[in-house]
Every structure is written in structure tokens, then in C-alpha cells.
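A.B. asks: Structure of the sequence below:
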Amino acid sequence: MNIDNALNEALGLKKIITHEIIDPKPLIPRPSDIYGEADADYKYSRENFYSLVERGQAAIDGILEVAKEGEHPRAYEVVGQLIKSVAEVTEKLADLHDKMKKLKEVPNNAPRNVTNALFVGSTKELQALLKGDHESIEIKRETA
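C.D. replies: Numbers count the residues shown, from 1 in each chain. Next comes the predicted model:
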């Protein structure tokens, strides 16, 4: 007889085991792609950074209590490393915000017309292009 079964029988416990499969879900739900890929990625990254900062703060509080109770130098070293890590994550959050701001400003600051165009080819091809003889240029490019 199994030890677990013997203990359950001696204590008068019924053996009820249920198997439940839990589908692991991300802590932060991924945003839907309503506004475009860049906006969805920005929102997802932003929420992840906020979650990391909050968890880091909780970890700092916990390890700080341990450091105060034990007064061990290694515990204080860990607190310092956690504070540094949380500070780096908040810096990355600020960088993400700046990058997204610059990304949204690009279409407004882009040049509206082309002032300097460059043609790469021979003078004969340029003359054919100016005369509107596009067929001779395309044929030469296909054979070349």
C-alpha cells in the first residue's frame, strides 16, 4: 500500500485529486492592432515597462526589509542592484516615449518636394528620357 493512501486512510481523508489545465496568459494583454503596428508595439512595451517598474519597487521593498533585519552587507548590495535595475527600466521607458514622439513627427517634417534629383546613366539614355523615348531605355536595361 502507498504511504499517501495509508495516511489518508488513517486520518480519514478522502482522496480527491482534480486535474486542471491552466492556460498561461501574459500578465499584460497584448494590445490589438487597431492603430497600427507601431502604436500597438509602443503600448505593449510601455505597459511592460510599467509592470517591470512596479515589480521592481515591490522587490526593493521586500529585500530592504530583509536587509534591515539581517544587517548583512550582501543584502544591501542586492538592494543597490535592484534600485539600479529599476532606474534603468524607467530610463528605457523615457527613451521609448522620446522615440515614439520622434516617429510621429517624421511625416510632418518630411520634405514635400524633391529639389535635387540624380540620374545614373549615359548621356544617350538621358536624352532618350528627356525626349520621352522610354522604351529604348527599358530595353537596354533588360539586356544589360
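
A.B. asks: where's Ala38, which helix or strand?
C.D. replies: Assessed by DSSP states H and E, Ala38 sits inside helix 37-70.

A.B. asks: err, Ala10, not the other one
C.D. replies: Residue-wise, Ala10 maps onto helix 3-11 under DSSP H and E.

A.B. asks: list the helices and strands that helix packs on?
C.D. replies: Using 3 or more C-beta pairs under 8 Å, 6 or more residues apart in numbering; DSSP states H and E as the contact test, no helix or strand touches helix 3-11. For the C-beta atoms, the positions are set from N, CA and C on the backbone; glycine is no exception.

A.B. asks: quick one: low-confidence parts of the protein?
C.D. replies: Where the chain drops to pLDDT under 70, the residues are 1, 15-36, 106-112, 114, 134-144.

A.B. asks: Geometric centre of it: which residue is closest?
C.D. replies: Ser45 (4.4 Å; C-alpha atoms, centre = their mean).

A.B. asks: What lies in contact with stretch 82-90?
C.D. replies: If you take C-beta atoms under 8 Å, 6 or more residues apart in numbering as the criterion, stretch 82-90 is touched by Phe49, Leu52, Val53, Gly56, Gln57, Ala59, Ile60, Ile63.

A.B. asks: List the contacts of the residue nearest to the centre of the chain.
C.D. replies: Taking C-beta under 8 Å, 6+ apart, one finds Leu96 in contact with Ser45.
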